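>>> heads up, no residue letters with this:
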């Protein structure tokens, strides 16, 4: 298949359809409207598929809940303020162990914030987000191609572990265009989960519920979830090491911030500075061991985020005191340029005596 | 080699579609490309711009700190972007709408009266393609033929529009 020039939003939509996603429920919000638009044009007309523009974000996530109970692959998307509204539903999905893919093309916050790209939803995404002792799988793509690839992966993961997956993009990734290739064709018969509730003729009845009146039974549910979280931490972490071999200073960054940092690092390398980058791709489970391994080579890290420092907590937890972690961040939807990051990198490199 | 270009103007001038057509042509040539639009809750007449990065290796940042080329389709865009242009870069100006001088001596200027040319061609809306044609001639960023091939993707199925745009691209290309 030839490469296509697509926005990140459209690429997520196309990848979802090719992953056998049968239903999408959404409510408009900038900067993810192109995804809702794409699904309206391309998913709704497929036989057996459903597109609904819901009356609110809360309605949309509960439609996802219903579709997931019925066993089909299902997705919703929004941007930061809308994702906050969905948290109750996500907590319920987690409790009932229902697969779903939730896309957050995040924007500046808090509150209604700005419509420009930001990464201030890292905490919300990686700490569960709603009430209760649960986690979601969080994927942090860094390009349009990766958005497409990780969307497919998200549907596989959520079905395998019965845990909702958050794709944490941002307004820039959603709206920018890059060439993209899709490695899968849409299945002729979309997958339906075996444990779905679609009529109990000829078998004992089943039920899905989020309330458990007996605490020991609920504890059992939590243990079951946590066993899977441990499996995820063991088997599903994804990360990228970029020029870390001889690096004296390693930048830690995810998503679009990592793209911007890469531009700065290329320039820093051209200036003779030994800089590398560690980019987590799964933000939860966080690739902590892989980061810790790098502290054998250098003690100096610079965490760069488009917020006031959220992933830095996971960076420090992972390093367990084995690294000196500096920070640079721009909140509110301000897009830093590579030359700004280069100035910070250069200053820290010399301040720490790494030259 | 990484080349970043910023297209700027007011909403409705086809600034984003200039960038999109350049990106499409670069992709047809097998180059790495990113297209980053900047528009918000804006209206016709508001500002719009986009950054297109073209390279023969993987593109790190889609954001441009100091672009090699800037295309300003109106006066506010000229004022806003004139200081960002790389030293030695080329500033393309829509000279039908921009009369004031640029305050820099270390860059090249290309003045193209694109509105006037487009009006002569019979469609003022094709002024953006006149500019894109002129831009390609001067910058050599992609081949003219790739731009024409790209039109059939970006304007798929709209043969009448493809013809109008092709004419405008050719007029701009000849002019520069």
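Arrived safely, thanks for sending. Values in this document were obtained by computation on a predicted structure and should not be read as measured data.
>>> CA atoms for contacts and neighbours, from now on please.
OK.
>>> looking at it, residue A:57 is touching residue A:80, isn't it?
No. Contact status for residue A:57 versus residue A:80: not in contact, 11.1 Å apart, counting by C-alpha atoms under 8 Å.
>>> which one's more surrounded, the two?
Neighbour totals were compared for residue A:57 and residue A:80, and residue A:80 leads with 33 against 26 (other C-alpha atoms under 10 Å in any protein chain shown).
>>> so who does the more buried one touch?
A:104-109, A:121 (C-alpha atoms under 8 Å, 6 or more residues apart in numbering or on different chains).
>>> could you identify which of these has the most neighbours?
Across those, neighbour numbers were computed from other C-alpha under 10 Å; residue A:106 holds the maximum, 33 neighbours.
>>> that one sits in which helix or strand?
Element membership for residue A:106, per DSSP states H and E: strand A:101-106.
>>> same check, this time on residue A:157
Residue A:157 belongs to helix A:144-161 when elements are defined using DSSP H and E.
>>> could I get the buried residue list for that helix?
Within helix A:144-161, the residues that qualify as buried are A:144-159, A:161, counting by 16 or more other C-alpha atoms under 10 Å in any protein chain shown.
>>> for chain B, what lies in contact range of chain A?
B:23-24, B:27, B:32-37, B:40, B:59-65 (C-alpha under 8 Å from any C-alpha of the partner chain).
>>> now, those residues that are in helices?
Per DSSP state H, helices hold the following members of those: B:23-24, B:27.
>>> residues in contact with the nearest residue to residue B:36 once chain neighbours are set aside?
The spatially closest residue to residue B:36, leaving aside those adjacent along the chain, is residue A:176, at 4.5 Å (C-alpha to C-alpha, 6 or more residues apart in numbering or on different chains). By C-alpha under 8 Å, 6+ apart, the residues touching residue A:176 are A:6-8, A:144, B:34-37.
>>> rerun that using 7 Å as the cut-off
Going by C-alpha atoms under 7 Å, 6 or more residues apart in numbering or on different chains, residue A:176 touches A:7-8, B:35-37.
>>> for those, which one is nearest residue A:205?
Within the set of these, residue A:8 lies nearest residue A:205; the separation is 41.9 Å, counting by C-alpha to C-alpha.
>>> and the gap between that closest one and residue A:25?
18 Å (C-alpha to C-alpha, to the nearest Å).
>>> may I see the buried residues of stretch A:47-55?
By 16+ other C-alpha under 10 Å, the buried positions in stretch A:47-55 come out as A:49-54.
>>> now the ones in helices among the residues of chain B next to chain A as a markdown table including pLDDT and neighbour count?
Listed next are those as a markdown table, based on pLDDT from 0 to 100; neighbours: other C-alpha atoms under 10 Å in any protein chain shown:
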| residue | pLDDT | neighbour count |
| --- | --- | --- |
| B:23 | 98 | 28 |
| B:24 | 97 | 29 |
| B:27 | 96 | 22 |
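>>> save the residues you listed as a markdown table, and put in distance to residue A:329 too.
Listed next are these as a markdown table, based on distance: C-alpha to C-alpha, whole Å:
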| residue | distance to residue A:329 |
| --- | --- |
| B:23 | 30 |
| B:24 | 33 |
| B:27 | 33 |
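>>> so what pairs up with residue A:169 in the strands?
Residue A:169 has these beta-bridge partners by DSSP bridges: residue A:105.
>>> an error on my part: the question was meant for residue A:329.
Residues found in beta-bridge contact with residue A:329 (criterion: DSSP bridges) are residue A:305.
>>> so it versus chain B, what's the distance?
For residue A:329, the distance to chain B under the criterion C-alpha to the nearest C-alpha, to the nearest Å works out to 16 Å.
>>> ok, residue A:264 next?
Relative to chain B, residue A:264 is positioned 8 Å away (criterion: C-alpha to the nearest C-alpha).
>>> surely that residue and residue A:341 touch.
Yes. With contact defined as C-alpha atoms under 7 Å, residue A:264 counts as touching residue A:341 (5.9 Å).
>>> state the mean pLDDT of stretch B:145-165.
Per-residue pLDDT over stretch B:145-165 has a mean of 94.
>>> revised request: answer the last question for stretch A:134-145.
Stretch A:134-145 carries an average pLDDT of 98.
>>> does the residue lying closest to residue B:143 once chain neighbours are set aside sit in a helix, a strand or a coil?
Leaving aside its sequence neighbours, residue B:143 sits nearest to residue B:136 (C-alpha to C-alpha, 6+ apart; 7.4 Å). Using DSSP: H, G, I helix; E, B strand; the rest coil, the structure places residue B:136 in helix.
>>> measure residue B:136 to chain A for me?
20 Å.
>>> and that residue, how far from residue B:144?
Distance, residue B:136 to residue B:144, by C-alpha to C-alpha: 7 Å.
>>> what's the answer for residue A:45, then?
Taken as C-alpha to C-alpha, the spacing of residue A:45 relative to residue B:144 amounts to 37 Å.
>>> more neighbours: the two, which one.
Ranked by neighbour count (other C-alpha under 10 Å), residue A:45 and residue B:144 place residue B:144 first, with 18 against 12.
>>> where does chain A have low pLDDT?
Low-confidence segments of chain A, defined by pLDDT under 70, span residues A:1.
>>> picking up where we left off before, of residue A:8 and residue A:25, who's got more company?
The neighbour count for residue A:8 versus residue A:25, taken as other C-alpha under 10 Å, is higher for residue A:8 (31 against 27).
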